[in-house]
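Novice: Predicted coordinates and the sequence they were generated for:
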Amino acid sequence: MSDSRIFKAKCLCGEVSFKAEAPLKEVGLCHCSMCRRWNSGPFHAVGIPLDALTVEGGEENISYYRSSEYSKRAFCNNCGSSLYYHGDNIPEISNKVYFSAGLLEEPTGLKLAGHIFCASKGDYYEIEGDLPQHETVE
């Protein structure tokens, strides 16, 4: 991958750590009700090819919750950090994983690119700014 960089990430307790070699450039903000419940607010997602994500440590500490018939969510067994979303039964994205931008070691050089599932955002906040807002997915 010509634009690829190596990014490192870890959960709150540090038991689970990741490495990704991918052309990471942007962060998407998902406002759907499942992401808000899972992440306690909008989910700052970074999408990469599934095969670009490597668990470097703590794989035994990762558990999965099947949040729908279409997807599963990973979290750390020790500290409970939300790790990533995988739409494993959604053909268009089954080869990608969306992990939490908050796990990344800084500086990331990433920028917020836009918002998805704005139609189901929480009623306790407003989406501000001029970034693209999509009612569902792009």
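Specialist: Thanks, I have it.
Novice: okay, CA-based contacts and neighbour counts for the rest of this
Specialist: Fine.
Novice: List the contacts of stretch 121-134.
Specialist: The contact list for stretch 121-134, computed with C-alpha atoms under 8 Å, 6 or more residues apart in numbering, reads His31, Cys32, Ser33, Ala113, Gly114, His115, Ile116, Phe117, Cys118, Ala119.
Novice: Could you check the pLDDT of the fifth one?
Specialist: Right, Gly114. pLDDT for Gly114: 95.
Novice: separation between it and Glu26?
Specialist: Gly114 is 9 Å from Glu26, where distance means C-alpha to C-alpha, to the nearest Å.
Novice: the helices in the chain, which residues?
Specialist: Secondary structure of the chain, counting by DSSP state H: helices at 33-39.
Novice: Pick out the residue nearest the middle of it.
Specialist: Nearest to the mean C-alpha position of the chain, counting by C-alpha atoms, centre = their mean, stands Phe99 at 2.8 Å.
Novice: what's the closest residue in space to it that isn't next to it in sequence in contact with, if anything?
Specialist: Sequence neighbours aside, Tyr84 is the residue nearest to Phe99 in space, at 3.9 Å (criterion: C-alpha to C-alpha, 6 or more residues apart in numbering). Applying C-alpha under 8 Å, 6+ apart, we find Tyr84 in contact with Arg73, Ala74, Phe75, Val97, Tyr98, Phe99, Ser100.
Novice: Tell me the bridge partners for the residue nearest to the first one when sequence neighbours are not counted.
Specialist: Pointing back at Arg73 there. Once flanking residues are discounted, Arg73 sits nearest to Tyr85: 4.5 Å by C-alpha to C-alpha, 6+ apart. Beta bridges link Tyr85 to Arg73, Tyr98, judged by DSSP bridges.
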